[in-house]
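Student: Give me the fold of what follows.
(6 chains)
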There are 4 protein chains.
Amino acid sequence: MARRAWSGVGQGRQELFERKRQVVLRTAARIFSERGFYQTTLADVADELHVSKPALYHYFKSKDEILLEIQRAAIAQMTDAAPDSGNGRERLTAFVRRYVAMITDEFGTCLIMTGVLPLEPKNRQSVRAGSKNVEKIVRDILRQGVQDGSIAPCDPKIAAMLFFGALNWIPYWYRASGELGTEQLAERAVDFVMTGLRPR
Amino acid sequence: MARRAWSGVGQGRQELFERKRQVVLRTAARIFSERGFYQTTLADVADELHVSKPALYHYFKSKDEILLEIQRAAIAQMTDAAPDSGNGRERLTAFVRRYVAMITDEFGTCLIMTGVLPLEPKNRQSVRAGSKNVEKIVRDILRQGVQDGSIAPCDPKIAAMLFFGALNWIPYWYRASGELGTEQLAERAVDFVMTGLRPR
Amino acid sequence: MARRAWSGVGQGRQELFERKRQVVLRTAARIFSERGFYQTTLADVADELHVSKPALYHYFKSKDEILLEIQRAAIAQMTDAAPDSGNGRERLTAFVRRYVAMITDEFGTCLIMTGVLPLEPKNRQSVRAGSKNVEKIVRDILRQGVQDGSIAPCDPKIAAMLFFGALNWIPYWYRASGELGTEQLAERAVDFVMTGLRPR
Amino acid sequence: MARRAWSGVGQGRQELFERKRQVVLRTAARIFSERGFYQTTLADVADELHVSKPALYHYFKSKDEILLEIQRAAIAQMTDAAPDSGNGRERLTAFVRRYVAMITDEFGTCLIMTGVLPLEPKNRQSVRAGSKNVEKIVRDILRQGVQDGSIAPCDPKIAAMLFFGALNWIPYWYRASGELGTEQLAERAVDFVMTGLRPR
DNA sequence: AATGAATGAGCATTCATTCAT
DNA sequence: AATGAATGAATGCTCATTCAT
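Tutor: Coordinates of the predicted model:
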């Protein structure tokens, strides 16, 4: 019993190392989101992986680094979510669809639910800079949309944050295991942020 | 030097005790939100109040209880935010205005930013029940609005959560000290959740 | 059972604190010298004092700080050992007598036997500077003696270090509990460093 | 790049093994003396040798054994330092010259600076016995010298330890890389232990 | 009511050592 | 012979909480 959780993960040399690293990251992200970063000990993570605690230190040099890499991965995904063609509304709609997919995976969920406060100040700044960048992308889309008339006139800063709120809150209530699929959720989100609740 | 932070808070007997309790609560809520619950030690809270650590135990029996009471207070405020007259849209609009006011104060902010994970399971359930109740209030308003035609047809569950997301995320980015007042913020929020981003 | 090792140490407020601190220091110095710094855990020190481990942290903020204060105390004693009247030989003789007394107490012994390597670089420099100072005192005495003719012509640097060697090695072999008293030891040391082993 | 530090050390079969062992020993001795035994990890030693950590276990079965062999080598050298012809003074002088040479090499320096405390009790006794033996050699020389009149009357036990102190302290301050050569140092040491500091 | 002192429980991290290849 | 991977054992330190005054 207690087979290595990553037995048979792959067989490249360097590559195997990298895959195990990813497994650690996903697992840790999931547990951090469920229990909270501080309520999760490295022993918890190790146990879940059927691995000893020091083994984790082969892959990461500290608990903080694990969280940092999770959040970096989340930010990277989100940054790539920016679509580049179409008018403002079209781009925003595409962004929502991709963003919902990412924020419901382990990394995105952990970024939102754990937040950056546990990180060391330096790393915190790093992740925050990434988030700011994603926000800027959306602000720019909004500005474009306002100009091309596909989006209602608004203060892009405020609107972007209310927009992000609707999406970022998803990890707090949505369970992928339920009946609502991620794509359908994305459609509801598109509807909500585009047309609001008032009937047309 | 180092005068008690609550010197002159009041002078009733029982009442004085209660007021000091509130001061502890507000202060703790603020620090918890800023640094995070686990990064905040009771020594930090005591220092901020110019009081000794054990003194806090005169007012609360544990760190957990402090957080619990903060969150209960937040929930109580929010529950009271429910307006009872008007059609769905009117009631929802009124709710948003009150909710924004509450979520930007120390208690509301702490409820959102600290979350319920740090609480003991029993207390966590208690707060969660309160939150569910607030959500139910909104769902009911939505249902009413859909029926009376003042709100667009939608799945009330999903819509309510997207709606709450837009509002709950506010503490993560809004600073009351900035140029945007709370009331103006509330108006933007009303616009956003009611009409969305697409031009009419 | 397990009475506090420092029960009844004193009763001033501030003063009591300081005395307990000294007790910790002496005890730690003794154990460090016996077992070595790294072989001694804070639990060992705490046990010896019939106190809990965290209690030590009321008095010192780290294991390193304990060692630092021990060594600072030793250096302070030694610095004060410098006599100021007489010719070179007389001053050196007086220095030996005082130095032997100090190097055989807990602090002096710990300074020699533990060394400064365990200290953090910054603190290490600090103690080293103190040691250098003591060495300088002796070099100056030697120079004076060479000039006034009471000490044989020699290179003061080398001579001082050989001189210190003879004395500093004492903790490695001398036990105060044996038949040879500290004063007698000091006389032998005076003889040795003054006249050497060859008959006159 | 990063060629094995011992590439080309030799080519005999068994002999090669033995030479590599010696390289490990010298290197470890040097690092132990510089940083301290406990501050030196086997990874440090392996890195310095451009070898993997487990590789060291081909040559030694534990870190303790490495230190033990270093110290045994030092003791062996010292034991051989005893000269056998001449009167007491002559023999002692010769001993000093040889002893200084040994105590300034890697093994001798490590024996002095690391001490025997890190060793397992059994090994510690073994090395201590060797040291005692070297001390006995000197005591015997002193006794002979006192009898033949070439050394001043003294308590051989105390005199021997003060004598050793002057010499053993050398590693703490002497750097072979400086301007003072080992032979010159030995002459100063001979002068000091023979005639002391007082002018004749 | 209030505090300095003390503690139990816990946790991240390190490192010598072993194992599988 | 040699190494990357893995681990058991240990330790310094933190902090919520309690106790004695």
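Student: mind giving me the domain split of chain A?
Tutor: Split into domains by automatic domain parsing, chain A comes to A:13-63, A:66-195.
Student: Including mean pLDDT, mean neighbour count and distance to residue D:179, could those go into a markdown table?
Tutor: (C-beta placed from N, C-alpha, C; glycine too.) Listed next are the domains of chain A as a markdown table, based on pLDDT from 0 to 100; neighbours: other C-beta atoms under 10 Å in any protein chain shown; distance: least, C-beta to C-beta, whole Å:
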| stretch | mean pLDDT | mean neighbour count | distance to residue D:179 |
| --- | --- | --- | --- |
| domain A:13-63 | 96 | 16 | 44 |
| domain A:66-195 | 96 | 19 | 46 |
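Student: which stretch among those comes nearest chain B?
Tutor: Of all these, domain A:66-195 sits nearest to chain B, with 2.7 Å by C-beta to the nearest C-beta.
Student: What is the end-to-end distance of the closest one?
Tutor: One end of domain A:66-195 to the other measures 39 Å (C-alpha to C-alpha, to the nearest Å).
Student: Now do the contacts for residue A:81.
Tutor: Contact analysis of residue A:81 by C-beta atoms under 8 Å, 6 or more residues apart in numbering or on different chains lists A:95, A:98-99, A:102, A:134.
Student: Repeat that for residue A:113.
Tutor: A:32-33, A:36, A:171-172, B:115 are the contacts of residue A:113 under C-beta under 8 Å, 6+ apart.
Student: again with residue A:185
Tutor: By C-beta under 8 Å, 6+ apart, residue A:185 lies in contact with A:100, A:104, A:170, A:174, B:158.
Student: can you give me the angle the host helix or strand of it makes with helix B:182-195?
Tutor: Assigned by DSSP states H and E, residue A:185 belongs to helix A:182-195. Relative orientation of helix A:182-195 and helix B:182-195, computed by axes from the mean of the first three to the mean of the last three C-alpha atoms, to 10 degrees: 120 degrees.
Student: What segments of chain A are helices?
Tutor: All helices of chain A, identified by DSSP state H, fall at A:13-35, A:42-48, A:53-59, A:63-80, A:88-103, A:106-114, A:121-148, A:156-168, A:170-173, A:182-195.
Student: for those, which one sits closest to residue D:28?
Tutor: Taking C-beta to C-beta, helix A:53-59 is the member of the helices of chain A nearest to residue D:28, at 23.9 Å.
Student: any bit of the closest one sitting next to DNA strand E?
Tutor: Yes - using C-beta under 7 Å from any atom of the strand, helix A:53-59 reaches DNA strand E at A:53-54, A:57.
Student: how distant is that helix from the center of its chain?
Tutor: Between the centre of helix A:53-59 and the centre of its chain there are 24 Å (C-alpha atoms, centre = their mean, to the nearest Å).
Student: next one: stretch A:86-95
Tutor: The chain centre lies 20 Å from the centre of stretch A:86-95; the measure is C-alpha atoms, centre = their mean.
Student: How about stretch A:133-150?
Tutor: Remark: stretch A:133-150 is offset 21 Å from the chain centroid, using C-alpha atoms, centre = their mean.
Student: Turn the residues of helix A:53-59 next to DNA strand E into JSON lines, columns for distance to chain B.
Tutor: Listed next are the residues of helix A:53-59 next to DNA strand E as JSON lines, based on distance: C-beta to the nearest C-beta, whole Å:
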{"residue": "A:53", "distance to chain B": "20"}
{"residue": "A:54", "distance to chain B": "24"}
{"residue": "A:57", "distance to chain B": "22"}
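Student: check those residues against DNA strand F, which are close?
Tutor: Answer for the residues of helix A:53-59 next to DNA strand E near DNA strand F (C-beta under 7 Å from any atom of the strand): A:53-54, A:57.
Student: So which of the residues you listed is the closest to DNA strand E?
Tutor: When these are ranked by distance to DNA strand E (C-beta to the nearest atom of the strand), residue A:54 comes first, at 3.4 Å.
Student: In contact with the closest one, which residues are there?
Tutor: Shown in contact with residue A:54 (C-beta under 8 Å, 6+ apart): no residues.
Student: so what's residue A:39 up against?
Tutor: By C-beta under 8 Å, 6+ apart, the contact set of residue A:39 is B:117-118.
Student: Repeat that for residue A:43.
Tutor: Residue A:43 makes contact with residue A:53, according to C-beta under 8 Å, 6+ apart.
Student: likewise residue A:76?
Tutor: Residue A:76 touches residue A:130, counting by C-beta under 8 Å, 6+ apart.
Student: at 10 Å what do you get?
Tutor: Residues near residue A:76 by C-beta atoms under 10 Å, 6 or more residues apart in numbering or on different chains: A:102, A:107, A:130.
Student: Adding distance to chain C, write the contacts of residue A:81 out as a markdown table.
Tutor: Below are the contacts of residue A:81 laid out as a markdown table (distance: C-beta to the nearest C-beta, whole Å):
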| residue | distance to chain C |
| --- | --- |
| A:95 | 50 |
| A:98 | 49 |
| A:99 | 46 |
| A:102 | 43 |
| A:134 | 41 |
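Student: pretty sure residue A:19 is touching residue A:12, no?
Tutor: Yes - in this structure, residue A:19 is within contact of residue A:12 by C-beta atoms under 10 Å, at 8.2 Å.
Student: Okay, the residue nearest the centre of chain A and residue A:168: tell me how far apart.
Tutor: By C-alpha atoms, centre = their mean, chain A has its centre lying nearest to residue A:108, at 1.5 Å. Remark: distance between residue A:108 and residue A:168 (C-beta to C-beta, to the nearest Å) = 9 Å.
Student: can you check residue A:36 too?
Tutor: Separation of residue A:36 from residue A:168 (C-beta to C-beta): 17 Å.
Student: same deal with residue A:147?
Tutor: 26 Å.
Student: quick one on the thing from earlier: and the helix holding residue A:185 with helix A:156-168, angle?
Tutor: In terms of direction (the same axes, to 10 degrees), helix A:182-195 departs from helix A:156-168 by 150 degrees.
Student: and helix A:182-195 with helix A:88-103, angle?
Tutor: 140 degrees.
Student: tell me how far helix A:182-195 is from the chain's mean position?
Tutor: 18 Å.
Student: before we move on, what about stretch A:38-45?
Tutor: With C-alpha atoms, centre = their mean as the basis, stretch A:38-45 stands 20 Å off its chain's centre.
Student: and that stretch with DNA strand F, contact?
Tutor: No - Stretch A:38-45 lies out of reach of DNA strand F by C-beta under 7 Å from any atom of the strand, never closer than 9.0 Å.
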